[in-house]
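[1] based on what follows, work out the 3D shape:
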Amino acid sequence: MKTLVVYSSQTNNTKKLAEAAATELGSEMIPVGEVGDISGYDYIAVGFWFKGGGPDPATQEFLPKLTGKKVFFFATHGAAVGSAHAKTGLSKACELAAGSTIVGSFSCPGEVSAKVQAAVAEKNPKAPWLPDAPAAVGHPNTNDLALLRQAIRVAFPR
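    As a prediction, the model looks like this:
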C-alpha cells in the first residue's frame, strides 16, 4: 500500500496535521501546489483549511484529480468540531472528489488570528464559524493530533 499526504496550509494549522498524518502513515508529504503524478499511490490523505465554507481554492482544484483513489480527508477550521459548518465543508470536499472512495475524515479547530477574526466580524452576513473562533485558540493541539492518528489507523488498514 503506497500512501501520500497532500496538504494546503495558510497558517500552519493544517501543516501540523499533515506532519502527524505523514508520520503515522510513513509516507511522503507534499503541498497541494507541488503535487505531480499520483498514479502510483493507492491511498491519498488530503488536508485543507476552510475558506467560504469548503476546502481552500488550491485544494478545490486538486480534489477532482482523485478519481479511482482511496482518500482520507483532514481539515482545520475556525468552527467547533461537529458543527454544521465543519460538516458542510467536508461534504463539499466529498462532492469535489466524486469518483474517489472516501475511506475516512477528520477535522478539528485551527487557531484563527485576531486580525482575521476582526476583519471577518466587519462583514455581513457574519461567518458561521466566528462565534466558535475564540475556542480554537491553541488548536490543533496534542489531543487533536492523537485523534487524527487514531482516525488514520482506522481508515488505512495495515
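
[2] from memory I152 sits against G47, does it?
    No - with contact defined as C-beta atoms under 8 Å, I152 does not reach G47; the gap is 11.2 Å. The way it works is simple: take the backbone N, C-alpha and C, and place the C-beta from them, glycine included.

[3] joint contacts of those two?
    A21 (C-beta atoms under 8 Å, 6 or more residues apart in numbering).

[4] looking at those two, which is more packed in?
    The neighbour comparison of I152 against G47 (other C-beta atoms under 10 Å) goes to G47, with 31 against 23.

[5] which residues are in contact with that one?
    Applying C-beta under 8 Å, 6+ apart, the residues near G47 are 5-9, 14-15, 17-18, 21, 73-76.

[6] likewise for A151?
    F72, F74, G104, S105, F106.

[7] quick one: which helix or strand includes the first one?
    The reference is to F72. F72 is part of strand 70-77, with elements assigned from DSSP states H and E.

[8] which strands and helices sit next to whichever helix or strand comes after that strand?
    Next along the chain after strand 70-77, taking DSSP H and E as the criterion, comes helix 84-96. If contacts are counted by 3 or more C-beta pairs under 8 Å, 6 or more residues apart in numbering; DSSP states H and E, helix 84-96 sits against strand 43-51, strand 54-55, strand 70-77, strand 101-109.

[9] can you list the ones you listed in a markdown table and add distance to A121 and mean pLDDT?
    A markdown table is the format used below for the helices and strands packed on helix 84-96 (distance: least, C-beta to C-beta, whole Å; pLDDT from 0 to 100):
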| stretch | distance to A121 | mean pLDDT |
| --- | --- | --- |
| strand 43-51 | 17 | 97 |
| strand 54-55 | 21 | 96 |
| strand 70-77 | 17 | 97 |
| strand 101-109 | 17 | 97 |
